[in-house]
Every structure is written in structure tokens, then in C-alpha cells.
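> sequence first, predicted coordinates after that:
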Amino acid sequence: MLQLKLHTLDDVKQGMQQVSIQGAETEMLESYRLTSARDSAAYAFDNGELLYVYEFEAPTEAHEGMKKIEEQTALVDLVYSPVIYNANNVILIYMQKYGETTGKQPAVEKLASSLGWQVSTS
């Protein structure tokens with residue numbers, strides 16, 4: 001029987017260190033807050049980009065969390081272009097400013113890949 005690896009916020013923090021992603025903990029935008037997450041964290045980078053991390057009890061709850069984020073942000077006028085990564089019970093949302101390119105997205109993708117995440121387009 002195939003058993004999925006459930007990740008913790010500490011797993012993500014360790015992965016961030018391994019791929020040299022450094023950000024200061026910050027407040028999450030209201031429209032991206034999820035009360036259904038077991039744990040969550042937000043990080044701000046020097047260039048104004050953000051990384052949101054959510055840990056859920058189970059993969060099904062993470063899937064429901066992704067739906068909730070889509071509902072909550074459907075009418076929000078953002079200056080960010082979010083990229084969503086999902087693996088089992090964890091969601092990562094990388095918030096890149098529209099029209100800007102940076103060196104952070106490749107590092108976030110490396111983090112996501114190292115932990116078994118797949119990018120979700122929305």
C-alpha cells in the first residue's frame with residue numbers, strides 16, 4: 001500500500017535552509033488566511049515578494065484549503081502573481097509581483113521539488 005509522506009512546517013523550514021531561501025516572518029494578507037490549517041507561516045523577501053506555507057492534518061484538507069483560497073481571492077485585486085505548490089498535506093504559495101522577475105522563484109521551485117511538490121496552475 002502506498003503511504004503518503006505528511007510534511008510539517010518544520011520540514012518546510014529545513015528545506016528553505018537547504019536551498020538558501022531566507023525571508024523574514026511576516027503577517028499574511030487577510031484574503032490568504034486559512035483557519036482550517038493546522039499551522040501556517042508567511043515570509044517576506046527583500047524584494048517585496050512573499051511565501052505562504054500551510055500545514056494541514058491530511059491531503060484532503062489541503063485540497064479543501066486550496067479551494068478556499070481560490071474562493072477568498074477570486075475578487076481580490078492583487079499586485080502579486082501567485083504560484084501554488086501542493087504536496088499531500090501542505091500548500092506553498094509563492095507571491096511574485098506582477099511584471100517582475102527575480103531569483104527567488106527558481107529557489108522556491110527547488111524547495112517544492114525537493115519535498116515532492118507539484119505546481120498547480122490556477
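Perfect, I can see it now. Numbering: from 1, shown residues only.
> the strands in the chain, which residues?
24-25, 39-44, 50-55, 80-87, 90-97, 118-120 (DSSP state E).
> how about Thr73: what's its closest non-neighbour residue?
Ser31 (5.1 Å; Cβ to Cβ, 6 or more residues apart in numbering). All C-beta spots, glycine's among them, are computed from the backbone N, C-alpha and C.
> verify the stated contact: that neighbour with Glu71.
No - when contacts are counted by Cβ atoms under 8 Å, Ser31 is not listed as touching Glu71 (9.9 Å).
> how near is the residue positioned nearest the centre of the chain to Leu75?
Of all residues in the chain, the one closest to the mean position by Cα atoms, centre = their mean is Leu92, 1.5 Å from it. In this view, Leu92 and Leu75 are 23 Å apart by Cβ to Cβ, to the nearest Å.
> now do Ile91
Distance from Ile91 to Leu75, counting by Cβ to Cβ: 20 Å.
> need the contact partners of stretch 50-63.
4, 6-9, 12, 21, 23, 26, 28-29, 32, 34, 36-45, 65, 80, 86, 88-95, 108 (Cβ atoms under 8 Å, 6 or more residues apart in numbering).
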